[in-house]
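K.L.:
Sequence first, then the predicted structure, then my questions.
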Amino acid sequence: MMTRRNLVNLLGMLLLAAVPALAALTCTPFLVNLFTQFVIYAIAAVSLDLILGYGGLVNFGHATSFGLGGYVVGVVAFHMGEGSTILGWAGSDSALIVWPLAVGVSTLGGLIIGFLSLRTSGVQFIMITLAFWQMLYFLLSGLIVYGGDDGTSIAARNSLPGLQMQNPAQFYFLFLLLVLWIWLCRRIIGSPFGMALRSFKQNRRRGLALGYAPLPYQLGAFIVSAAGAGLAGALWANYALFVSPDMTSWQKSGELMAMVILGGMGSIFGPVIGAALYLGLEQVLTRITEHWMLFLGPVLVLMVLFGKRGIYGLLAGGKSHD
């Protein structure tokens, strides 16, 4: 049976798939680049929703994983261009090698940060994630060899068999990674692991009474979330051909959180709509005024006050959780 929710999901995926064709038909090639940004940020936002919407963990350091993934691509590209090695490794321009490496480094970072941060809760948890962001930000800013505060440029995108990655339309086909990531997150949330994770957000005391220990479930979600953000960071580095410490900033984490709130927390598909709406409003408002956040702020306030299920909840109806 085709429910309203499934219809919204299907139409959204069809729209993403049709972007290159629509851009060609309407002679608006910039649409491909714009939607590429939507897709990359949507992967990061869906990853954040896994721990924010379902786990109730307010992580202001989510962008650290985004930045780590991007910097892996940037560092490997830098040494490839210099003809130098990384710990004896000559490097590679293959996406099949560099992207899994970026995800692995982000996952390891998520494991370390999550294991230490989840020893606390509430405001203390938020402050520790902010502290880790600050440490990584200043560490990357101090790496003068990679440009320090100014960041470093990347000469070319990673190669992927069957695709001309320099071609924006073919690079956009990586939206399939978003589809795969949504599928994976839905499987996780619908599993016994996901049910246990949700129980700690709804009633931590009851979950403990049932014999569940929160740390393994929350840490597992934190690690998966970091892996998704690392993948998004690697894709962004390839798209922008540039990485800088700003990729790890708490402001970036705040932007991702705004996308989740706009789209609808605890909905998996909601952050995709939220990413498109946030970046779309940014594109429109920046053409009007440089103080675009002054207008976007009230939109967020109104959404929190009157649309707690987000845009996705209003479109799909029913409960916010998938």
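P.N.:
Cool, the structure landed.

K.L.:
Is it correct that residue 197 is in contact with residue 54?
P.N.:
Yes. Between residue 197 and residue 54 there is a contact under CB atoms under 8 Å: 5.7 Å. (Glycine included, C-beta is placed from N, CA and C.)

K.L.:
Overlap in contacts, these two.
P.N.:
189, 221 (CB atoms under 8 Å, 6 or more residues apart in numbering).

K.L.:
Spit out the contact partners of residue 41.
P.N.:
By CB under 8 Å, 6+ apart, the contact set of residue 41 is 232, 256, 259, 275, 278-279.

K.L.:
And it, how far from residue 162?
P.N.:
Computed with CB to CB, to the nearest Å, the distance linking residue 41 and residue 162 is 25 Å.

K.L.:
now swap in residue 234 and tell me
P.N.:
From residue 234 to residue 162 the distance is 18 Å (CB to CB).

K.L.:
more crowded one of these two?
P.N.:
Applying other CB atoms under 10 Å to residue 234 and residue 162 shows that residue 234 carries more neighbours, namely 30 against 6.

K.L.:
residues touching the more buried one, list them.
P.N.:
Contacts for residue 234 (CB under 8 Å, 6+ apart) come out as 69-70, 72-73, 98-99, 102-103.

K.L.:
can you tell me the helix or strand for it?
P.N.:
helix 214-240 (DSSP states H and E).

K.L.:
got a list of contacts for whichever helix or strand comes after that helix?
P.N.:
Proceeding N to C from helix 214-240, the next assigned helix or strand is strand 242-243, under DSSP H and E. Residues from elsewhere that reach strand 242-243 (CB under 8 Å, 6+ apart): 67, 70-71, 73-74, 151-154, 237.

K.L.:
In a markdown table, list those along with secondary structure, pLDDT and distance to residue 225.
P.N.:
Formatted as a markdown table, these follow (DSSP: H, G, I helix; E, B strand; the rest coil; pLDDT from 0 to 100; distance: CB to CB, whole Å):
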| residue | secondary structure | pLDDT | distance to residue 225 |
| --- | --- | --- | --- |
| 67 | helix | 94 | 14 |
| 70 | helix | 95 | 16 |
| 71 | helix | 95 | 18 |
| 73 | helix | 95 | 19 |
| 74 | helix | 94 | 22 |
| 151 | coil | 90 | 24 |
| 152 | strand | 92 | 26 |
| 153 | strand | 93 | 29 |
| 154 | coil | 93 | 25 |
| 237 | helix | 96 | 19 |
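
K.L.:
Can you tell me which of these is nearest residue 206?
P.N.:
Closest approach to residue 206 among the contacts of strand 242-243 (CB to CB): residue 67, at 36.7 Å.

K.L.:
Residue 104: neighbouring residues, count only.
P.N.:
Using other CB under 10 Å, residue 104 has 14 neighbouring residues.

K.L.:
And for the one 10 residues further on?
P.N.:
Using other CB under 10 Å, residue 114 has 25 neighbouring residues.

K.L.:
right, and it touches residue 227 too?
P.N.:
No. At 11.3 Å, residue 114 does not count as touching residue 227 under the criterion of CB under 8 Å.

K.L.:
mind listing what residue 8 touches?
P.N.:
Shown in contact with residue 8 (CB under 8 Å, 6+ apart): 269, 312, 315-316.
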